[in-house]
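**Q** Build me a model from this:
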Amino acid sequence: MIVKNGLVAFPGEDEFLQKDLRLENGKIAEIGRDLTGPDILDASGMHVLPGGIDPHVHFYDPGYTEKEDFFHGTAAAASGGITTIVDMPCTSVPPVTDAASLKNKLEIVQPKAHIDFAFFGGVSRQLFDSGYEDAMASISRDVMGYKVYSVSGMEEVWGALDHFRFCRVLETARDLGVIILLHAEDAEYVDNASEFYKKEGSTARQWHDARPELAEVLAVSGAARILQETGGNLHIVHVGSAEAAGIIASFSSREQEAVLTGETCPQYLAFNLDDFLAQGAALKISPPIKPDGNQRQLHAFLKNGALSFVTSDHAPGTKEEKAPGDIWCNSAGIAGTGTILPYLYSDLLTSGELRLSRFLEIISEGAARRYRFFDRKGSIETGKDADLVLINPNSDWTVRGEEFLSKGKITPFEGTVFRGRVEKTLVRGRVVYDRSKNSALHQGWGSFIRPRLS
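**A** Numbers count the residues shown, from 1 in each chain. I've put the predicted structure just below:
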C-alpha cells in the first residue's frame with residue numbers, strides 16, 4: 001500500500017511534511033515523494049501521525065467483562081487513533097502475576113484484539129506474602145513492568161503494599177532490570193479520612209476530601225525516598241497533583257542509580273474540582289480530580305517533559321455503577337481510550353500549546369521508549385511497524401458516549417467539541433478502523449508484544 005499525499009508527522013519535526021509512505025509486510029518500507037503502486041490510500045489533506053500508544057488501560061478481560069472486554073476496548077482504542085495498548089494486571093481474573101496467569105489471559109484476549117497490545121504484571125500484598133520473587137521472574141521478559149498500589153480499592157483480591165514490602169519489590173525489580181509502576185496515594189491518610197468523611201456525606205466533595213492532593217504528595221515523596229535508597233526504575237501512574245509532579249521533576253538519585261518518571265491523564269488536564277462537583281460519578285476517578293490551579297501546572301510539567309506522556313487510565317463502569325447517588329458506591333474510572341488522542345490533538349496541538357515534536361513524544365514516542373519497544377513502534381520511520389492514524393484537521397465533532405465502541409458509554413467529555421477527527425487507523429499496514437463504516441474491522445489482528453530487554 002502507498003499512503004499518498006498526506007501531511008506526515010516525523011519525529012523531531014515541528015512541521016508536517018507532505019510525503020508518501022510505502023507499506024510492505026506490515027512495515028514502513030519507504031518514505032518519499034511521488035511513490036507509485038497498485039494499492040493507493042489517498043491521504044490528501046490529512047495529518048498522518050504515528051499510531052497512538054495508550055500504556056494504561058483496564059479492559060477487565062477475563063473476569064469483569066460486563067464493564068469492558070478486549071473486543072470492545074481495542075475497538076474503542078482504534079476509533080481514537082490508538083494502535084497499541086498496555087493492559088493492567090489487577091482487573092482480570094486471575095490477575096496477571098505469573099507465567100500461568102499470563103498464558104491464560106493471552107489465550108482469551110488475543111482472538112478479540114483489533115490492535116497490538118502488551119501486558120503489565122503486578123505484585124499484590126497477597127502475592128508478596130505467598131512468595132513473589134519467582135512469580136516476578138517468571139514473566140520478567142513478557143511484561144512491560146509490574147504494577148503495585150500504595151492504597152487499593154480491591155484489598156480482598158489485590159492488597160496494597162506498605163513501605164517495607166514496596167522496598168523489597170523495588171529491590172527485586174532492580175535486580176531483574178524491570179520497571180515498577182505505582183498507584184501513589186497514602187494508605188494511612190486515605191483509609192482514615194475515608195472512614196471520617198463517609199459520616200459527613202456521600203457526594204463528590206467527600207470523595208475528594210478523603211483523597212486530597214496531600215495524600216498523593218505523601219505517597220510520591222515516600223516512594224521517591226525509598227527509590228533513592230534501593231535504586232531501580234519507578235514510574236508513577238496517573239499523576240493528578242502538581243506538587244507530586246514537581247517531586248518527580250526534581251528527583252535525583254543519591255548513591256544508587258535510580259530512575260523516576262510520571263504520567264498524567266486527560267481528565268486531570270481538562271477538568272478541576274468544580275467540574276467533579278458538578279458531574280459527580282461520571283468524573284469519579286482515583287486519585288480524584290484536584291482543585292483549580294493544578295491544571296495549569298500539570299500542563300507546564302507536560303510541556304517541559306517533567307511528565308513523560310499521557311495515558312487514559314481507561315476503566316469504564318456500567319451505567320448502574322455510574323448512576324447518580326452514593327459516590328462511595330460508584331465505581332472509579334472512565335471510558336477514555338477512544339478520546340485521549342482526539343483530546344490532546346484538539347486542545348494541546350491545534351491550540352498551539354504544544355509543538356508538534358513534543359506532541360508526538362506525548363502520544364507515542366515517550367511510552368514506546370519508556371517501556372522498551374521503540375525499536376518497533378512510536379514513530380514514523382523506515383523499518384518500523386506501519387502503525388498510523390489519519391486525522392482530518394478541519395473536521396469538528398461532538399463527543400457522544402452512546403456512539404463509543406467501548407462498552408463504557410459514560411464520559412466526562414460528553415457534548416465537548418473537538419477539532420480534528422480520526423478517519424482511519426492502521427496497525428501494521430492494515431486498516432483496523434474506518435470512520436466511514438464507524439467500526440473496527442479486524443478482530444484478532446492485534447498481536448501481543450514484549451519489551452526489548454537488550
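**Q** Now do the host helix or strand of P55: which elements does it pack against?
**A** Element membership of P55, judged by DSSP states H and E, is strand 52-57. The helices and strands touching strand 52-57, judged by 3 or more Cβ pairs under 8 Å, 6 or more residues apart in numbering; DSSP states H and E, are helix 70-79, strand 82-87, helix 340-344, helix 366-370. In this view, the C-beta of every residue, glycine as well, is placed from N, C-alpha and C.
**Q** Just name the shakiest helix or strand of the chain by mean pLDDT.
**A** strand 439-440 (a mean of 72; mean pLDDT, DSSP states H and E).
**Q** Starting from that one, tell me which strands it pairs with and how they run.
**A** Strand pairing for strand 439-440, using DSSP bridges, gives strand 430-434 (antiparallel).
**Q** contacting residues around the closest residue to S436 other than its chain neighbours?
**A** What sits nearest to S436 in space, not counting adjacent residues and going by Cβ to Cβ, 6 or more residues apart in numbering, is E423, at 7.8 Å. E423 makes contact with 46, 390-392, 434-436 under the criterion Cβ atoms under 8 Å, 6 or more residues apart in numbering.
**Q** Looking at these, which one is closest to I340?
**A** Of all the contacts of E423, I391 has the smallest distance to I340: 13.5 Å, by Cβ to Cβ.
**Q** in the stretch 351-454 of the chain, which spans are helices?
**A** Shown for the stretch 351-454 of the chain, the helices assigned by DSSP state H, counting those that start in this stretch span residues 356-360, 366-370.
**Q** Off-centre distance for the last one?
**A** Looking back up the chat, that one is helix 366-370. Per Cα atoms, centre = their mean, to the nearest Å, the displacement of helix 366-370 from the mean C-alpha position of its chain is 11 Å.
**Q** got the CA positions of it in CSV?
**A** Extracted C-alpha coordinates of helix 366-370, given in CSV (Å, rounded to 0.1, in the frame of the first residue of the first chain):
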residue,chain,number,x,y,z
GLY,A,366,7.6,8.6,25.0
ALA,A,367,5.7,5.4,26.0
ALA,A,368,7.4,3.3,23.4
ARG,A,369,10.8,4.4,24.7
ARG,A,370,9.9,4.1,28.4
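**Q** Could you list every helix and strand that it packs against?
**A** strand 52-57, strand 309-310.
**Q** Comparing these, which comes out most buried?
**A** When you average the neighbours per residue for each of the helices and strands packed on helix 366-370 (mean count of other Cβ atoms under 10 Å), strand 52-57 leads with a mean of 29.
**Q** on that earlier part again, turn the helices and strands packed on strand 52-57 into CSV, including mean neighbour count.
**A** CSV is the format used below for the helices and strands packed on strand 52-57 (neighbours: other Cβ atoms under 10 Å):
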stretch, mean neighbour count
helix 70-79, 30
strand 82-87, 29
helix 340-344, 26
helix 366-370, 22
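**Q** In CSV, list these along with distance to G429.
**A** Shown next, in CSV, are those (distance: least, Cβ to Cβ, whole Å):
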stretch, distance to G429
helix 70-79, 14
strand 82-87, 11
helix 340-344, 20
helix 366-370, 18
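**Q** quick one on the thing from earlier: now, of the contacts of E423, which are buried?
**A** 46, 390-392, 434-435 (16 or more other Cβ atoms under 10 Å).
**Q** one step back: and of the helices and strands packed on strand 52-57, who's closest to A278?
**A** helix 340-344 (18.7 Å).
**Q** Can you give the distance of that closest one from its chain's centre?
**A** Using Cα atoms, centre = their mean, the offset of helix 340-344 from its chain centre is 12 Å.
**Q** contacts for that helix?
**A** Residues from elsewhere that reach helix 340-344, judged by Cβ under 8 Å, 6+ apart: 52, 54, 80-82, 265-266, 269-270, 310-312, 359, 362-363, 389, 413, 418, 420-422.
**Q** switch to 7 Å and redo it
**A** 52, 54, 80-82, 266, 270, 310, 312, 359, 362-363, 413, 418, 420, 422 (Cβ atoms under 7 Å, 6 or more residues apart in numbering).
**Q** K319: which of those residues is nearest?
**A** Using Cβ to Cβ, F413 is the member of the contacts of helix 340-344 that lies nearest K319, at 16.8 Å.
**Q** who's in contact with the residue nearest to that closest one when sequence neighbours are not counted?
**A** Nearest residue to F413, sequence neighbours excluded (Cβ to Cβ, 6+ apart): V399, at 4.5 Å. By Cβ under 7 Å, 6+ apart, V399 lies in contact with 339, 411, 413-416, 418.
**Q** Please check these and keep the buried ones.
**A** Buried subset of the contacts of V399 (neighbour count, 16+ other Cβ under 10 Å): 339, 411, 413, 416, 418.
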